[in-house]
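Chemist: Below are the sequence and a predicted model; questions follow.
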Amino acid sequence: MMKESNGGVSDSVIRKVLISYFYVAIWIFLSFSVIVYNKYILDPKMYNWPFPISLTIIHMAFCSFLAFIAIHVFRFIELPSSMNGDLYVSSVLPIGALYSLSLWFSNSAYMYLSVSFIQMLKALMPVAVYSIGIMFKKETFNSSTMLNMLSISFGVAIAAYGEARFNVTGVSLQLAAVAFEATRLVLIQILLTSKGISLNPITSLYYVAPCCLAFLIVPWWFVELPRLRSAASFQPDLVIFGTNSICAFALNLAVFLLVGKTSALTMNVAGVVKDWLLIAFSWSVIRDTITPLNLIGYGIAFLGVAFYNHAKLQALKVKEMQKKAQQQDEESGALLDGDKKSDNQV
């Protein structure tokens with residue numbers, strides 16, 4: 001029998017809850033660290049290394065190398081047998097191209113906007129995913145859902161109106177990053193998930209990071225390489241860039257642990273906690289200015305995102321109940337067929 005605590009809850013349940021909280025804490029810490037670290041490296045008022053494409057290339061090269069070692073040397077994970085050259089070109093390459101653009105623009109935004117305001121703009125992700133899903137016919141238009149999307153957009157618009165350091169270039173870069181990331185998420189469903197292919201963070205990095213690296217080389221060659229040559233006297237700190245790359249790779253592992261050991265819903269809730277922590281950190285430590293309109297606008301957007309996640313959760317529960325009911329009907333039908341056959345034999 002399972003031991004029970006004073007409150008009547010079994011020790012195994014408590015252990016599972018504590019482990020879940022542990023995975024959540026690791027993911028929040030690493031995600032928090034990567035965002036603040038990137039801001040520190042790219043911001044002109046901090047480390048002042050204004051080369052977002054170069055930083056993304058370093059991350060992708062490091063992640064590609066470690067993913068290759070993990071799969072081919074230590075053999076932690078097996079590659080999906082269904083992946084072939086045609087599927088890679090038709091499915092993985094478009095996803096890698098969108099991922100490279102998303103990372104490039106999101107990292108570039110750190111040079112112009114505060115950490116807190118970037119997190120507020122990221123609240124538009126459900127709006128972008130839903131809108132692009134409708135375009136690709138992966139989502140069905142629903143007036144109540146669209147009203148919810150409008151409320152999120154309205155909240156972000158208020159936050160933007162109240163932003164003390166509003167920068168058109170930075171906002172444009174971040175909105176473009178959201179659009180590319182949303183398109184990437186929708187294409188993952190269309191090009192991979194619908195074909196029964198699921199990639200964990202290690203295999204995702206193994207396939208996506210190299211082609212992402214290749215796509216980034218082209219703009220890097222024309223945009224940043226000439227500037228890097230003119231700044232040849234600059235000596236990058238290997239400790240800073242090394243630890244920053246390790247954090248980026250570890251974050252992908254943390255995503256795998258969090259979703260694999262808990263659920264995607266847990267990650268969404270943890271993401272909300274992380275956003276509020278980043279806003280508080282940006283205000284208290286980095287000393288970014290956060291106005292009352294910022295908080296009011298983000299509060300409206302936050303409520304809209306929370307309602308959207310709740311609606312998605314309820315829809316998933318209904319689907320699961322329908323599947324269970326269908327399975328029970330099929331099992332009952334199989335039993336009836338078996339009984340009929342046995343009666344006929346008698």
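Modeler: Cool, got the structure.

Chemist: can you give me the strands in the chain?
Modeler: For the chain, none of the segments meets the definition of strands by DSSP state E.

Chemist: pretty sure H59 is touching S245, no?
Modeler: Yes - under the criterion of Cβ atoms under 8 Å, H59 makes contact with S245 at 5.7 Å. To be clear about C-beta, it is placed using only N, CA and C from the backbone, and glycine gets the same treatment.

Chemist: more neighbours, these two?
Modeler: Here H59 and S245 are compared on neighbour count by other Cβ atoms under 10 Å; more neighbours surround H59, at 25 against 21.

Chemist: Without its sequence neighbours, what residue ends up closest to that one?
Modeler: What sits nearest to H59 in space, not counting adjacent residues and going by Cβ to Cβ, 6 or more residues apart in numbering, is A248, at 4.6 Å.

Chemist: Run through the residues that contact the one you found.
Modeler: Shown in contact with A248 (Cβ atoms under 8 Å, 6 or more residues apart in numbering): V34, H59, F62, C63.

Chemist: Rebuild these as CSV, extending it with distance to K138 and pLDDT.
Modeler: Below are the contacts of A248 laid out as CSV (distance: Cβ to Cβ, whole Å; pLDDT from 0 to 100):
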residue, distance to K138, pLDDT
V34, 29, 93
H59, 29, 93
F62, 33, 94
C63, 28, 91
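
Chemist: Quick check: of these, which lies closest to V255?
Modeler: V34 (11.3 Å; Cβ to Cβ).

Chemist: Wait, the closest one touches L251, no?
Modeler: Yes - using Cβ under 8 Å, V34 is in contact with L251, at 5.3 Å.

Chemist: between those two, who's got more neighbours?
Modeler: Higher neighbour count among V34 and L251: L251, with 21 against 18, using other Cβ under 10 Å.

Chemist: any idea how far the more buried one is from F62?
Modeler: 12 Å (Cβ to Cβ, to the nearest Å).

Chemist: next one: P44
Modeler: 24 Å.

Chemist: between the two, which one's more packed in?
Modeler: The neighbour count for P44 versus F62, taken as other Cβ under 10 Å, is higher for F62 (19 against 10).

Chemist: Would you mind confirming that that one makes contact with C247?
Modeler: No - with contacts counted by Cβ under 8 Å, F62 stays clear of C247, the gap being 10.4 Å.

Chemist: burial of the nearest residue to V269 once chain neighbours are set aside, as a residue count?
Modeler: Among residues not flanking V269 along the chain, N309 sits closest, at 7.8 Å (Cβ to Cβ, 6+ apart). For N309, the count of nearby residues is 17 (other Cβ under 10 Å).

Chemist: Check F166 too.
Modeler: 13.

Chemist: before we move on, what about P80?
Modeler: Neighbour count for P80, taken as other Cβ under 10 Å: 16.

Chemist: Which residues are in contact with it?
Modeler: Applying Cβ under 8 Å, 6+ apart to P80 gives the contacts I197, S198, L199, T203.

Chemist: Please list only the buried members of those residues.
Modeler: Buried by 16 or more other Cβ atoms under 10 Å: I197, L199, T203, out of the contacts of P80.

Chemist: on that earlier part again, out of the contacts of A248, which is nearest to I279?
Modeler: The nearest member of the contacts of A248 to I279, counting by Cβ to Cβ, is V34 at 16.3 Å.

Chemist: Spatially, which residue comes closest to Q119, not counting chain neighbours?
Modeler: The shortest distance from Q119 to any non-neighbouring residue, by Cβ to Cβ, 6+ apart, is to D275 (4.6 Å).

Chemist: from memory that neighbour sits against L121, does it?
Modeler: No - in this structure, D275 is not within contact of L121 by Cβ under 8 Å, at 10.9 Å.

Chemist: picking that back up, and the gap between the residue nearest to V269 and V129?
Modeler: As defined by Cβ to Cβ, N309 lies at a distance of 12 Å from V129.

Chemist: can you check W49 too?
Modeler: Distance, W49 to V129, by Cβ to Cβ: 32 Å.

Chemist: Look at these two and report which has more neighbours.
Modeler: Using other Cβ under 10 Å, the more surrounded residue of W49 and V129 is V129, with 23 against 20.

Chemist: Which residue comes closest to that one once chain neighbours are left out?
Modeler: Counting by Cβ to Cβ, 6+ apart, the nearest residue to V129 once its immediate chain neighbours are dropped is A182, at 4.5 Å.

Chemist: give the contact list for the one you found.
Modeler: A182 makes contact with M125, A128, V129, S131, I132, according to Cβ under 8 Å, 6+ apart.

Chemist: and if we set it to 6 Å?
Modeler: Listed by Cβ atoms under 6 Å, 6 or more residues apart in numbering, the contact set of A182 reads A128, V129, I132.

Chemist: distance of it from A176?
Modeler: 11 Å.

Chemist: And for V92?
Modeler: Taking Cβ to Cβ, one finds V92 at 22 Å from A176.

Chemist: of these two, who's got more company?
Modeler: A count of neighbours by other Cβ under 10 Å puts V92 above the other of V92 and A176, at 23 against 17.
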